[in-house]
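what follows is a predicted protein model with its sequence.
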Amino acid sequence: MPAVRKSLSDQATRTSVALTAALAATGGPVQTLAAMRHAGDAAIEVAAAALQSHGGYGYLTEYPVERYLRDAVSLRAAADTHAVASTLPDEAS
């Protein structure tokens with residue numbers, strides 16, 4: 001099981017880096033949106049790797065792995081929507 005162990009280690013590292021970048025993003029809206037995008041991409045990659053680690057059982061809705069991937073894709077879509085909305089001019093002004 002060395003391959004699975006390496007994958008788990010890689011995913012833990014990727015998660016830690018994304019979380020650190022997201023928490024450190026205080027430079028402004030562009031840096032915050034970039035950190036959100038990076039965290040969303042990392043979440044999808046980590047969830048996809050977890051799904052592969054679980055094999056066929058990962059696709060079953062009885063286990064949370066399938067839901068994690070769905071949630072990660074939804075979070076990235078929400079971040080993209082927020083990024084687009086924040087670049088639109090204010091109609092109220």
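It's in. Numbers count the residues shown, from 1 in each chain.

the bottom helix or strand of the chain by mean pLDDT?
When each helix and strand of the chain is scored by mean pLDDT, DSSP states H and E, helix 64-87 comes last, with a mean of 80.

distance from that one to the middle of the chain?
8 Å (C-alpha atoms, centre = their mean, to the nearest Å).

just stretch 12-27 next, same as before
11 Å.

contacts for it?
Gln31, Thr32, Ala34, Ala35, Met36, His38, Ala39, Ala42, Ala43, Glu45, Val46 (C-beta atoms under 8 Å, 6 or more residues apart in numbering). (Glycine included, C-beta is placed from N, CA and C.)

just the pLDDT for the last one.
What the model reports for Val46 is a pLDDT of 89.

ok, how many other residues are close to it?
Number of residues near Val46 (other C-beta atoms under 10 Å) recorded here: 21.

same question, the second one
Residue crowding around Thr32 was assessed by other C-beta under 10 Å; the count is 17.

show me what counts as buried in the least confident helix or strand of the chain.
Neighbour-count burial for helix 64-87, counted by 16 or more other C-beta atoms under 10 Å, picks out Val65, Glu66, Tyr68, Leu69, Ala72, Arg76, Ala79, Ala83.

which outside residues touch it?
Helix 64-87 is contacted by residues 29, 33, 36-37, 39-41, 43-44, 46-48, 50-51, 54, 57-61 when judged by C-beta under 8 Å, 6+ apart.

quick revisit: turn the buried residues of helix 64-87 into TSV, columns for distance to Ala18.
Formatted as TSV, the buried residues of helix 64-87 follow (distance: C-beta to C-beta, whole Å):
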residue	distance to Ala18
Val65	18
Glu66	21
Tyr68	14
Leu69	16
Ala72	11
Arg76	12
Ala79	12
Ala83	17
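
quick one: which two of these are the most distant?
The two members of the buried residues of helix 64-87 with the most space between them (C-beta to C-beta) are Val65 and Ala83, at 27.6 Å.

got the buried residues for the lengthiest helix in the chain?
Taking DSSP state H as the criterion, the chain has its longest helix at helix 29-54. Neighbour-count burial for helix 29-54 flags 32-33, 35-36, 38-40, 42-51 (criterion: 16+ other C-beta under 10 Å).
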